[in-house]
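[1] Return atomic coordinates for the entry below.
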Amino acid sequence: MIDWLVSPLESEFVVRALGELLLLAVLAGTLGVWIVLRGMSYGAESLAHGMLPGLVLAALAGIPLAAGGLGGLVVAALAIALVGRVPRLDPDVAVSVIVTSLLGVGVLLALSPRTPAGLGALLFGDVLAVTDGDLLLTGAVCAATAAALALLHGGLLVVGFDPLGAGALGRGAGRYDAVLAVLLALATLAAVQALGSLLVVAMLVGPAATARLTCRRVGPMMITAGLIAAVSSVAGMYLSYYAETGAGASVACVIAAAYAVVLGARSAIDTARRRGGRGLLAPRGSEARA
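    A predicted model of the protein is given here:
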């Protein structure tokens, strides 16, 4: 049993991969919770998909992926803003059109004969290939995100749970959402090497969505989301090592499985409570219908 646990950790690249995923778990437990609470999950997916052309061009040009991803994010944001100005066009439709178009362009570039081998890792990531520089970047993003969210915590609580009161106090939701969008873009850039443009949303949103099913307060929700992300990362890495599956995909599958289990348990508990409530109220006649 001890050998089974220790064997994967004998490889330096596995240890680095676990370190990267545990740092991302911090982002999942802090930023991810606010992304879910503010209803920005679709925006997270849009950012991750929209940056693909920039990632491909960066790989073709031999420049850092972070630079290409940043360029892709800027182009996607500008395109969404411009299309959003079109009269009688729903904003969600504008985002869908731009994101799917950019994703298609990225796939076409990735299929080009000039594309270097292994570029498919941009879609699904290669957490086993993270470098010390990637760890430093992710650590810096984690620190900056934690500091920003700590400063904005009170305002985010007011905006999230008392929008009318926030407006009266001069705390418009738009400014806080803009800060969250910037932090989300930074987190996406930090996570793209490990999880790719398609799986990064699983880490940033999945654990927070799972924690929301079990917690009502923000603090416990953040702790729970971080723990879910960390445990899922470790379990996914061991699954990948022994089942010889993709590391990033394995982590994403474990996160999805955790959400499915918690959702099923929550639904069963709610159903049992409703049935129990009806059973207790049934003898009282007309009050049971209320």
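
[2] just for the stretch 101-250 of the chain, where's the confidence low?
    Low-confidence segments of the stretch 101-250 of the chain (pLDDT under 70): 112-122, 160-173.

[3] and residue 129, how many neighbours?
    Look at residue 129: counted by other Cβ atoms under 10 Å, it has 15 neighbours. C-betas here are computed from N, CA, C, even on glycine.

[4] what's the answer for residue 260, then?
    There are 11 residues near residue 260, going by other Cβ under 10 Å.

[5] now it, what's its secondary structure?
    helix (DSSP: H, G, I helix; E, B strand; the rest coil).

[6] Now do residue 131 against residue 19, distance only.
    11 Å (Cβ to Cβ, to the nearest Å).

[7] and these two? which has more neighbours close in?
    Between residue 131 and residue 19, residue 19 has the larger neighbour count (other Cβ under 10 Å), namely 17 against 12.

[8] show me the contacts for that one.
    The neighbours of residue 19, taking Cβ atoms under 8 Å, 6 or more residues apart in numbering as the test, are residue 135.

[9] tell me which element it is part of?
    Using DSSP states H and E, residue 19 sits within helix 12-37.

[10] quick one: residue 59 and residue 65 touch, right?
    Yes - contact criterion Cβ atoms under 8 Å: residue 59 and residue 65 qualify, at 6.8 Å.

[11] before we move on, the earlier item: tell me the gap between the helix holding residue 19 and the middle of its chain.
    Distance of helix 12-37 from its chain centroid, counting by Cα atoms, centre = their mean, to the nearest Å, is 9 Å.

[12] same deal with stretch 213-231?
    Remark: stretch 213-231 is offset 14 Å from the chain centroid, using Cα atoms, centre = their mean.

[13] mind listing what's buried in it?
    215, 218, 221, 222, 223, 224, 225, 226, 228, 229, 230 (16 or more other Cβ atoms under 10 Å).

[14] Determine which two of those are furthest apart.
    The span of those, defined through Cβ to Cβ, is set by 218 and 230 at 18.6 Å.

[15] related to what we said a few turns ago, in terms of distance to residue 43, which of the buried residues of stretch 213-231 ranks first?
    Looking across those and measuring by Cβ to Cβ, the closest to residue 43 is residue 225, at 17.9 Å.

[16] show me what contacts the closest residue to that closest one other than its chain neighbours?
    In space, and not counting its chain neighbours, residue 225 is closest to residue 211: 3.9 Å by Cβ to Cβ, 6 or more residues apart in numbering. By Cβ under 8 Å, 6+ apart, the contact set of residue 211 is 29, 33, 221, 222, 224, 225, 228.
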